[in-house]
Structures are given as structure tokens and as C-alpha cells.
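J.: sequence unknown, structure follows:
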């Protein structure tokens with residue numbers, strides 16, 4: 001009896017152990033299955049994220065074009081897909097949304113992008129010729145295409161996203177595609193178009209030697225309005241500048257004008273009269289913070305005009321010892337304010353704030369403060385200076401071409417010449433600076449890229465014609481005209497190729 005009870009207990013224990021092992025096995029199998037399912041889900045989610053990233057990568061180069069993908073496109077590959085859409089934003093931004101899908105998992109990437117442009121001669125109202133961000137690399141530049149015109153191109157191009165606009169000595173204003181150089185439209189004036197156009201709110205503003213100042217529709221090139229002095233027909237060779245919905249420019253009748261950008265009506269109190277029939281080839285430079293317009297004239301005087309009061313700023317004008325054909329550069333500069341270790345080196349008088357740089361046909365180069373005080377003035381003979389200066393914030397230097405067959409670099413705080421690049425002919429083109437690179441054309445036919453640190457050449461290309469046009473830079477692309485009747489596009493092999501910077505990005509799982 002006792003033996004039977006012992007056997008029963010052993011049997012119950014055995015059954016319990018078997019049940020426990022079975023339950024443990026089932027639990028292990030369940031955990032293993034869950035892990036496998038979780039791992040698969042995680043892998044699918046990661047693959048979906050890669051799909052979304054592929055959509056962003058595909059979209060970025062397409063920003064140079066104006067094609068139907070902007071309203072949404074889907075691409076499938078490797079068992080997954082992405083769908084990309086683009087929404088225009090404010091302040092020159094767009095938002096890309098890319099939804100990646102893979103085996104039921106979905107990931108979304110949203111990227112806000114700042115689109116670059118070059119809307120006027122020397123880029124902005126301050127005429128800095130320095131835009132950020134850009135992605136061009138001089139040592140990798142190659143010619144991509146050229147657009148042929150009927151005569152020399154002295155005008156400098158303006159760029160708005162996918163369109164390049166410039167004037168030509170064949171009497172026309174051209175608008176071409178940035179992607180391939182194809183013609184979008186052209187508008188014929190009555191004479192040479194030396195003036196460099198300005199793009200503002202889907203309108204193109206440009207002067208002509210026929211005596212008219214024009215406003216054209218950027219989309220189709222149709223005439224919106226035009227103006228001429230009814231009593232004194234003179235050429236318009238200056239390049240216009242927008243500010244607060246007004247378009248400022250100058251005419252060889254000796255006047256500085258301000259137009260309503262939409263109607264063409266002259267703003268009350270304008271034009272500002274410099275002097276009857278005094279040539280004003282120089283273009284307006286505007287300190288947009290202070291509301292002051294700087295401009296030079298052939299009477300050798302450099303002016304500062306208060307835009308609000310339409311009056312001369314006290315301390316101005318300044319005599320530059322010769323006709324002023326260059327356009328000034330106004331830059332918020334000052335080396336010791338950016339690099340503290342320069343304190344106490346004897347040039348604290350050159351402080352931060354706005355400084356205005358300009359050169360003249362008399363070979364004079366100068367830097368002024370807004371109240372007309374000179375930071376410095378250099379009266380060495382640099383030949384006739386038509387090239388407009390540019391300031392490099394990386395080097396705290398000012399660069400300017402000259403008629404003495406050289407491009408010079410000056411220390412911004414005291415005007416000391418420290419660099420020089422020699423050419424075979426005059427440098428009338430105005431340089432552009434991008435980080436540690438300087439780009440310029442000259443009358444020895446070459447487009448040249450220099451290192452701003454020592455002005456050593458990094459790239460050059462022979463256009464087979466003198467270059468008075470100045471470079472415009474859009475992303476990794478550079479555009480410039482030549483006397484060879486061609487507008488050139490150069491590009492460096494940089495990814496991404498669009499003119500953009502990723503400002504913010506976010507993503508979320510939707511599976």
C-alpha cells in the first residue's frame with residue numbers, strides 16, 4: 001500500500017515536471033517568435049527610413065528644375081517605395097516630404113530647405129558678392145554648357161531658382177533655363193543692354209542704352225512698364241537694386257531714381273539730382289538696416305543718400321580723385337570684433353559695424369564709415385578701377401580688380417595691400433567670394449578661381465573673349481558672360497547639386 005502511494009507521488013511529480021517543461025518550452029517559443037516578429041518589424045522600419053532618405057536624395061538635385069515632380073511622385077524599387085512632395089514656403093524656403101514604405105512599415109522625413117538665388121548684380125543690396133549657403137568647389141569646376149547670343153555680354157546674370165536672366169549688346173534681355181541653357185524668352189530693346197538685371201517678386205528690372213528703364217514679367221518676358229526721362233533721353237547703365245518694394249537705379253542724366261516696383265510710378269521726392277548729364281554708371285548700394293544708399297558718379301564724388309529724407313547724409317559726399325564706375329560694397333566687418341586675439345594690436349580704431357569700400361578711375365581705393373569718416377584711403381596708381389570690391393569675412397580682406405592688369409587684396413582694417421594676382425589684361429569684372437574661394441573674369445579671356453588666402457590660382461577657363469561680366473553663383477553652379485557672345489555655366493561635382501541647405505529635419509514612425 002505504501003509502495004503504491006510512493007509510485008503515485010512519483011508519477012504526479014513526473015507529470016508536473018513534464019507540464020512545467022512544456023510550459024517553459026511554449027514560453028520560450030513565444031518569446032522567440034515575438035523577438036523575430038519585433039526584429040522583422042524593426043528591420044522593415046529601418047528599410048522604410050532608407051526609402052524615405054532615398055526620396056530626399058533623389059529630390060535635392062531636381063530643385064534646379066521646374067518639373068511636375070513637385071506636385072508629388074512615387075518611385076518603387078527593391079520591394080519598397082518612396083513618395084515625395086514639395087511645398088513652397090516663406091523666405092525662400094521649401095519643404096520636402098518623403099514617405100518611405102517597406103513591407104507594411106512606413107517612415108516619413110520632412111526637410112525644410114533654403115533655396116539660394118542671385119537676384120541682382122553682386123548678389124544683394126549691400127553688393128557683397130558673398131552669398132551663403134553655396135556648394136561650389138573651384139578645383140572641381142567644369143564647363144557644363146554655353147548659350148550663344150548675337151553680340152558681346154557685358155551685363156552680369158541674375159538668377160531666380162531655375163531661371164538665368166541677363167542683358168546683351170545685341171539689344172536683348174534673355175531668360176534661359178539654369179538646367180540646360182535653353183531659351184525661355186527674350187525681350188528686344190532699342191539699344192545695347194549693358195545694365196545687369198535685378199529680379200524682384202517675379203519681375204525683371206533692367207536699363208538699356210535706348211534711354212528706357214524696363215520692368216518685364218519674369219515668367220514670360222512681357223513688358224509690364226517702362227520709363228524714360230521725357231526731357232533728357234540718356235542711357236541707363238547702372239544695375240537696379242530693390243528695397244522696401246521700391247526699385248532704385250541711376251541714369252546717365254545725372255539722377256538717382258526710386259520706382260514703385262509694381263506700377264513704375266516714381267516715388268514722391270525722387271529722383272535725387274546729382275547733376276545734369278553727369279554719367280552715373282555706378283550702381284546703388286543700400287545699407288538696408290540704416291536705409292542709406294551709396295553711389296558714385298563720373299564727377300569723382302561718392303554719395304550717401306538717406307532714403308527716407310531723400311537728402312545727403314552729413315559728412316558726405318567724398319572725393320575719390322576720379323570717375324567712379326565701380327559699385328561700392330557695404331559690409332558689416334571688423335577683424336578684431338570677430339577674432340578677439342587681435343585686440344591691442346594697434347588698430348582698435350577699425351571697429352565692428354558697417355564699412356563701405358569703393359574704388360575709382362583715378363586708381364584710389366578707400367574704406368569709409370557711415371558718417372563719412374575715412375577708415376583709410378590708398379592713392380597709389382592701380383590704374384582705372386571699374387571692378388567693384390568684395391569683402392571676405394573669412395580673411396577680413398577686400399578684393400578688387402584693376403586696370404593695371406592685376407587683382408589686389410587689401411587688409412580691411414588699414415588698406416594695406418597684401419596680395420596680388422597678375423593677369424595679362426585689365427580686370428574689369430567684379431569678383432565673387434564663396435568661403436575660401438574667389439571667382440572673377442578678366443580681359444585676358446579667362447574665368448579664374450583663386451584662393452582668398454594667397455590669391456593663387458585654383459582654376460581657369462578660356463572663354464575666347466574679354467570678360468566684363470561678373471560671376472553669379474547658384475549652388476554648385478557659376479554663370480558668367482563673355483565678349484565671345486556666350487553665357488557660360490560652370491559647375492563642380494558636389495552632392496547635393498541644388499542650391500540649398502538642410503535647416504531642420506524630423507521623422508516619425510507610422511507603422
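T.: Alright, I've got the coordinates. Please read these numbers as outputs of a predicted model, since none were measured by experiment.
J.: and stretch 167-179, end to end?
T.: Chord length of stretch 167-179, first to last residue, is 19 Å (CA to CA, to the nearest Å).
J.: avg pLDDT for that stretch?
T.: Mean per-residue pLDDT for stretch 167-179: 96.
J.: repeat that for stretch 83-97.
T.: On average, stretch 83-97 scores 69.
J.: so how far is the first residue of that stretch from its last?
T.: Using CA to CA, the two ends of stretch 83-97 sit 8 Å apart.
J.: what do you get for stretch 476-490?
T.: Terminal-residue distance, stretch 476-490 (CA to CA): 8 Å.
J.: residue ranges with poor pLDDT in the chain?
T.: 1-41, 60-71, 88-94, 113-116, 131-135, 333-352, 493-511 (pLDDT under 70).
J.: domain-wise, how is it divided?
T.: 38-116+504-511, 117-492 (automatic domain parsing).
J.: which of these sits most buried?
T.: Comparing those by mean neighbour count (mean count of other CB atoms under 10 Å), domain 117-492 ranks first with a mean of 20. Glycine gets a C-beta too; all of them are placed from N, C-alpha and C.
J.: can you give me the end-to-end span of that domain?
T.: OK, domain 117-492 end separation, CA to CA: 17 Å.
J.: strands of the stretch 301-450 of the chain, residue ranges please.
T.: Listed in chain order, the strands of the stretch 301-450 of the chain (DSSP state E, counting those that start in this stretch) span 301-306, 311-312, 318-319, 329-332, 354-359, 365-368, 374-378, 390-392, 397-401, 406-411, 417-422, 432-434, 437-441, 446-451.
J.: packing partners for the first one?
T.: With contacts defined as 3 or more CB pairs under 8 Å, 6 or more residues apart in numbering; DSSP states H and E, strand 301-306 has these neighbours: strand 292-296, strand 311-312, strand 318-319.
J.: that one pairs with which strands, parallel or anti?
T.: Taking DSSP bridges as the criterion, strand 301-306 forms sheet pairs with strand 292-296 (antiparallel), strand 311-312 (antiparallel), strand 318-319 (antiparallel).
J.: over to the fourth one?
T.: Each strand that pairs with strand 329-332, with its direction, by DSSP bridges: strand 354-359 (antiparallel).
J.: just the angle between the strand it pairs with and strand 406-411, please?
T.: On the basis of axes from the mean of the first three to the mean of the last three CA atoms, to 10 degrees, strand 354-359 is oriented at 150 degrees to strand 406-411.
J.: tabulate the helices and strands packed on strand 301-306 (TSV), appending distance to residue 213.
T.: Shown next, in TSV, are the helices and strands packed on strand 301-306 (distance: least, CB to CB, whole Å):
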stretch	distance to residue 213
strand 292-296	16
strand 311-312	23
strand 318-319	27
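J.: who does residue 422 form a beta bridge with?
T.: residue 406.
J.: circling back to that earlier point, among the strands paired with strand 301-306, which comes closest to residue 456?
T.: Residue 456 sits nearest to strand 292-296 of all these, at 31.0 Å, using CB to CB.
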